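K.L.:
Pasting the sequence and the predicted model now:
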Amino acid sequence: MKKIITALALATALTSNASASDQSRPSIGIGYGLDNGGVISLHGDFSIADKVNNEPVKVRLGWDHYSQGYGFGNTNYSWSYNVFYGGAYYDFNRALKLDSKIHPFAGLGIGFGNAHCSGPWCNNVGSPTVGGLYYLIGAQYDLTPNVNAELNVNGWGGLTIGANLKF
């Protein structure tokens, strides 16, 4: 009996419909951008469809970190950046009538943060404020109902690959 229940559970799991993931659920994600010497990005996405006539709009709040090194020998120095950002993006899946697993999106936002210089050339350099307009264009692909892969181009990370976990 135990083997039959295990086999039924396995068959149900393998044949369940994973394509109908709920896009209104909040998610957290991580990404790695190829610009600026490599950008680590952490973000959270939250649906605001109920506030905008049930249009597929999400808010993204996040943090990007990157650093860039300069010089050579004893003159090495680097700048380290932390940028906090927030914005909204539109999911074009419904408008383009695509497979329910594919979610192209585009959005805008604003970011702010600081930069810190380290090294021998940074004696009298402060920590300037950085930031500005943030753009986000990309696509998400549902791997499972709770996980999607994301490829995007954005203001600080450039071409970025990552994953999102829905909860």
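P.N.:
Cool, the structure landed.
K.L.:
what ranges of the protein fall below the confidence cut-off?
P.N.:
1-21 (pLDDT under 70).
K.L.:
what ranges do the strands span in this structure?
P.N.:
27-33, 39-47, 57-70, 77-91, 102-118, 129-142, 147-154, 158-166 (DSSP state E).
K.L.:
how much does the shortest one deviate in direction from strand 39-47?
P.N.:
Taking axes from the mean of the first three to the mean of the last three Cα atoms, to 10 degrees, one finds that strand 27-33 is oriented at 150 degrees with respect to strand 39-47.
K.L.:
Could you give the number of residues near the nearest residue to residue 85 once chain neighbours are set aside?
P.N.:
In space, and not counting its chain neighbours, residue 85 is closest to residue 111: 3.3 Å by Cβ to Cβ, 6 or more residues apart in numbering. In this view, the C-beta of every residue, glycine as well, is placed from N, C-alpha and C. When neighbours are defined as other Cβ atoms under 10 Å, residue 111 has 20 of them.
K.L.:
Surely residue 45 is in contact with residue 60?
P.N.:
Yes: applying Cβ atoms under 8 Å, one finds residue 45 in contact with residue 60, separated by 5.2 Å.
K.L.:
Can you tell me who the residue lying closest to residue 61 once chain neighbours are set aside pairs with across the strands?
P.N.:
Nearest residue to residue 61 in three dimensions, chain neighbours excluded: residue 86, at 4.8 Å (Cβ to Cβ, 6+ apart). Judged by DSSP bridges, the bridge partners of residue 86 are residue 61, residue 110.
K.L.:
when you give positions from now on, start the count at 50
P.N.:
Sure, I'll start numbering at 50, so the last one becomes residue 135.
K.L.:
For residue 135, give me its contacts.
P.N.:
108-111, 158-160 (Cβ atoms under 8 Å, 6 or more residues apart in numbering).
K.L.:
10 Å - rerun?
P.N.:
Counting by Cβ atoms under 10 Å, 6 or more residues apart in numbering, residue 135 makes contact with 92-93, 108-111, 158-161, 183.
K.L.:
what's the burial count for the residue nearest to residue 83 when sequence neighbours are not counted?
P.N.:
Nearest non-adjacent residue to residue 83, counting by Cβ to Cβ, 6+ apart: residue 208, 4.8 Å away. Around residue 208 sit 13 other residues, with neighbours defined as other Cβ under 10 Å.
K.L.:
And residue 208, how far from residue 81?
P.N.:
Residue 208 is 10 Å from residue 81, where distance means Cβ to Cβ, to the nearest Å.
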